[in-house]
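Asks: could you look at this predicted model? Sequence included:
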Amino acid sequence: EAQVTQNPRYLITVTGKKLTVTCSQNMNHEYMSWYRQDPGLGLRQIYYSMNVEVTDKGDVPEGYKVSRKEKRNFPLILESPSPNQTSLYFCASSGILNTEAFFGQGTRLTVV
Amino acid sequence: AQSVAQPEDQVNVAEGNPLTVKCTYSVSGNPYLFWYVQYPNRGLQFLLKYITGDNLVKGSYGFEAEFNKSQTSFHLKKPSALVSDSALYFCAVRDIGAGNMLTFGGGTRLMVKP
């Protein structure tokens, strides 16, 4: 089954404690990205990757890092989380052509 | 920069009535437009897309959308709403130059009442 898998689904952490949210896709997609969803703001892009070792900033990259060492994986790293990073996070992937993006189930992060 | 606007935070319709969820966009080149739906505690599911061709696009679950270039709109429609259609709907436009990624509107909550 074609899917994008994120882990964990729920996470509560404390300010400053480094964390990683994993994302993996099994569709051999070139493009992967991370979004955060906040009420009334829709989804905003954090980072995206066009292929292995190629990443770039989205609209709201501050406080986040990513890496793309393998085509299937695109982890999101918060080196020093802060309460304003409390949000619902989605990973997505898509192919080169004008195909739709596939989304993971989401990770609800709370930073206290 | 491209942008998407969904002017209604919430749309209320009665079951069996037609529904419309509005979306307008702004892009510098040709628009690649999408609608996604989000059910509670779920990820986003693809409904339909407009790339080129017919202005009326048909998608999943009986939804369709009408592309109007002169009005820069891409409204989502369904002839007869179901209670199970109640969800959060997002319109999005693709930026080919930014990793094929999507710019989303703020979302519209659709409430279908029995």
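Replies: Received it, and whenever you're ready, just let me know what you need. This is a predicted model, so every value here is computed, not measured. Numbers count the residues shown, from 1 in each chain, chains lettered A, B, ... in the order given.
Asks: chain B contacts on chain A?
Replies: Within reach of chain B by CB under 8 Å from any CB of the partner chain, chain A has these residues: A:4, A:30-31, A:33, A:35, A:40-45, A:48-50, A:56, A:58, A:90, A:92, A:94, A:96, A:98, A:100-106. Every residue, glycine included, has its C-beta placed from N, CA and C.
Asks: center of chain A - which residue?
Replies: Note on chain A: the residue nearest the mean C-alpha position is residue A:34, at 3.0 Å, using CA atoms, centre = their mean.
Asks: where does pLDDT dip in chain A?
Replies: For chain A, the stretches with pLDDT under 70 are A:97-98.
Asks: one step back: surely the residue nearest to the centre of chain A is in a strand?
Replies: Yes: checked against DSSP: H, G, I helix; E, B strand; the rest coil, residue A:34 lies within a strand.
Asks: which non-adjacent residue is nearest it?
Replies: residue A:46 (4.3 Å; CB to CB, 6 or more residues apart in numbering or on different chains).
Asks: would you mind measuring from that neighbour to chain B?
Replies: Here the criterion is CB to the nearest CB, to the nearest Å. By it, residue A:46 lies 10 Å from chain B.
Asks: got the contact list for that residue?
Replies: By CB atoms under 8 Å, 6 or more residues apart in numbering or on different chains, residue A:46 lies in contact with A:33-36, A:58-61, A:64, A:66, A:76, A:89.
Asks: the helix or strand harbouring residue A:109 packs against which elements?
Replies: Secondary structure assignment for residue A:109, by DSSP states H and E: strand A:107-111. On a contact count with 3 or more CB pairs under 8 Å, 6 or more residues apart in numbering or on different chains; DSSP states H and E, strand A:107-111 meets strand A:10-13, strand A:19-25, strand A:87-94.
Asks: what do you get if the cut-off is 6 Å, keeping everything else the same?
Replies: Here strand A:107-111 touches strand A:10-13, going by 3 or more CB pairs under 6 Å, 6 or more residues apart in numbering or on different chains; DSSP states H and E.
Asks: okay, the angle between the strand holding residue A:109 and strand A:87-94?
Replies: Going by axes from the mean of the first three to the mean of the last three CA atoms, to 10 degrees, strand A:107-111 is angled at 150 degrees with respect to strand A:87-94.
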